[in-house]
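**Q** Sequence and computational prediction follow.
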Amino acid sequence: MPSEETASRPVLLAVDDNPSVLSFVEGVLSTLSQKPEIITAANGEEALRRAEEASPDVIVMDGDMPVIDGLTAIRQLKANANAMDIPIVMLTAGTGEVDELRQPLKAGAMDFVKKPVGPIQLLARVDSALRISLATRARRTSKDVGVITA
């Protein structure tokens with residue numbers, strides 16, 4: 001069971017099969033002002049399991065991974081009623097062709113960043129997704145509190 005301190009902190013799921021990239025992403029995300037708890041996964045299959053267990057506020061997902069690739073994992077998350085509202089920022093190492101860059105958005109990602117990504121750009125994208133996620137959660141909570149049951 002999470003401690004009271006971690007229960008109030010947002011949870012971010014970082015997913016990448018490259019340990020160096022995953023470490024970089026963790027380090028960057030740890031500097032967010034919201035002081036999130038960061039959990040990790042090394043492939044899409046593990047990401048699906050971790051998302052189900054932890055209900056993260058935001059997912060940062062690599063595209064090219066073994067077992068289940070990022071686009072497939074995003075599609076599966078968006079088809080899951082418990083995970084469909086989680087904002088996903090995809091890391092893509094593609095060529096930058098317009099059709100290729102549309103793929104993460106078509107799959108259900110909120111945003112994407114092209115590798116190699118700098119810390120400022122990653123922070124900005126994830127911070128924006130996290131603010132939206134937390135605002136959505138706050139709205140839902142306030143609606144739930146306002147409901148009177150007989």
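**A** Looks like it arrived, so ask away.
**Q** Work out which residue lies at the spatial centre of the protein.
**A** A centroid search over the chain (Cα atoms, centre = their mean) returns I59, at 0.9 Å, as the residue closest to the centre.
**Q** Could you report the neighbour count for G44?
**A** 26 (other Cβ atoms under 10 Å). From N, CA and C alone the C-beta is placed, and that goes for glycine too.
**Q** so it touches I59, yeah?
**A** No. Counting by Cβ atoms under 8 Å, G44 stays clear of I59, with 10.7 Å between them.
**Q** so what's in contact with these two at the same time?
**A** Jointly contacting G44 and I59 under the rule Cβ atoms under 8 Å, 6 or more residues apart in numbering are V15.
**Q** Please name every helix or strand in contact with the lengthiest helix in the chain.
**A** Counting residues, the longest helix in the chain under DSSP state H turns out to be helix 119-145. Judged by 3 or more Cβ pairs under 8 Å, 6 or more residues apart in numbering; DSSP states H and E, the packing partners of helix 119-145 are helix 19-29, strand 58-62, strand 88-92, strand 111-114.
**Q** chain center to that helix, what's the gap?
**A** With Cα atoms, centre = their mean, to the nearest Å as the basis, helix 119-145 stands 11 Å off its chain's centre.
**Q** Taking strand 88-92 as reference, get the angle to it.
**A** Per axes from the mean of the first three to the mean of the last three Cα atoms, to 10 degrees, the angle that helix 119-145 makes with strand 88-92 is 160 degrees.
**Q** Tell me what angle helix 119-145 forms with helix 19-29.
**A** Helix 119-145 runs at 60 degrees relative to helix 19-29, counting by the same axes, to 10 degrees.
**Q** re the thing from before, want to try a markdown table for the helices and strands packed on helix 119-145, with mean pLDDT and distance to I38 as columns?
**A** Listed next are the helices and strands packed on helix 119-145 as a markdown table, based on pLDDT from 0 to 100; distance: least, Cβ to Cβ, whole Å:
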| stretch | mean pLDDT | distance to I38 |
| --- | --- | --- |
| helix 19-29 | 97 | 5 |
| strand 58-62 | 97 | 9 |
| strand 88-92 | 95 | 14 |
| strand 111-114 | 93 | 17 |
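**Q** which of these is buried the deepest?
**A** Across the helices and strands packed on helix 119-145, averaging neighbours per residue (mean count of other Cβ atoms under 10 Å) puts strand 58-62 on top, at a mean of 28.
**Q** Fine by me, thanks again.
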